[in-house]
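1. what follows is a predicted structure for the sequence shown.
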Amino acid sequence: MLVDPVLPSWQRDLEELTRLNLELFCTLDTHIHADHISAAATLKRESGSLIAHPACDGLDCVDRPVREGKPISVGSVALEPLFTPGHTDGHHAYRIGTRLLTGDALLIDGCGRTDFQNGDAAALYHSIHEKLFSLPDDTLVYPAHDYEGRRVSSIAQEKTRNPRLGGGNPLDAFVKIMDEMDLPYPKFIDYALPGNRQCGVCPPGVPDQLQQYCGEIGDSRQG
Ligand SMILES: [Fe+2]
């Protein structure tokens, strides 16, 4: 299973699976992404993998709708979906034993933005405190992004030192931080959302300077 695969690197991912002598059973997304196109549809076409995605997003292209309380099993591995709205209204994190894939809800020393896609800072606060910070302290946190190249944290670390959510920071202080972030409008969102509502189709009309989101690694369009 690949979680949140990205369109430009689908060939790299398939090559790695081949190297490991694995077959791709399904792709699984945490939410409808605004910053890239999912590789779910391309990997289905190329390898026959199923598409799993949160049911509440209501996408027509999904083979396996995902819901909290309904684990997804692949061989001996079981993923437990955790409904964690706030970054988007349909976001899910996935727990695999002592590991937690937090998507864009909880990041290392941060969290996903809450100012588009029906984002809601108070909802994100409750998702993280009630669904994620209630897990055992030694649960390993694997976020979807880290702009400093870090790969893993833990629930204990985020509860202690996350500057937005840790150290007992109360709800109103968190909402104020998120309200005052004043982030730029995401440059690819107008293409990513319709593309990802089709499980990862690059929509027509993507301008040249954004084609790297649709091209393949090594593709000349990537420039
Ligand atoms: Fe996101």
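-> In hand now; what should we look at? Numbering: from 1, shown residues only.

2. helices of this structure, start to end?
-> 10-19, 40-47, 121-126, 155-161, 171-179, 189-196 (DSSP state H).

3. can you name every helix or strand that the fifth one contacts?
-> So that's helix 171-179. Other helices and strands packing on helix 171-179, by 3 or more C-beta pairs under 8 Å, 6 or more residues apart in numbering; DSSP states H and E, are helix 121-126. C-beta: built from backbone N, CA, C; applies to glycine.

4. the first one now?
-> Using 3+ C-beta pairs under 8 Å, 6+ apart as the contact criterion, the elements in contact with helix 10-19 are helix 40-47.

5. go on, the third one?
-> With contacts defined as 3+ C-beta pairs under 8 Å, 6+ apart, the secondary structure elements packing on helix 121-126 are helix 171-179.

6. adjacent strands (with direction) for the longest strand anywhere in the chain?
-> Criterion DSSP state E: the longest strand present in the chain is strand 77-83. Paired neighbours of strand 77-83 in the sheet (DSSP bridges): strand 72-74 (antiparallel), strand 92-96 (antiparallel).

7. alpha carbons of that strand, as CSV, please.
-> Provided in CSV are the C-alpha atoms of strand 77-83 (Å, rounded to 0.1, in the frame of the first residue of the first chain):
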residue,chain,number,x,y,z
VAL,A,77,-0.7,-5.2,8.3
ALA,A,78,-3.9,-3.4,9.6
LEU,A,79,-4.3,0.4,9.2
GLU,A,80,-6.8,2.1,11.5
PRO,A,81,-8.3,5.2,10.0
LEU,A,82,-8.7,8.2,12.4
PHE,A,83,-11.1,10.9,11.3
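
8. quick one: contacts of that strand?
-> Here strand 77-83 makes contact (C-beta atoms under 8 Å, 6 or more residues apart in numbering) with 1, 28, 54, 56, 66-73, 91-96, 127, 131-132.

9. perfect, I'm done here.
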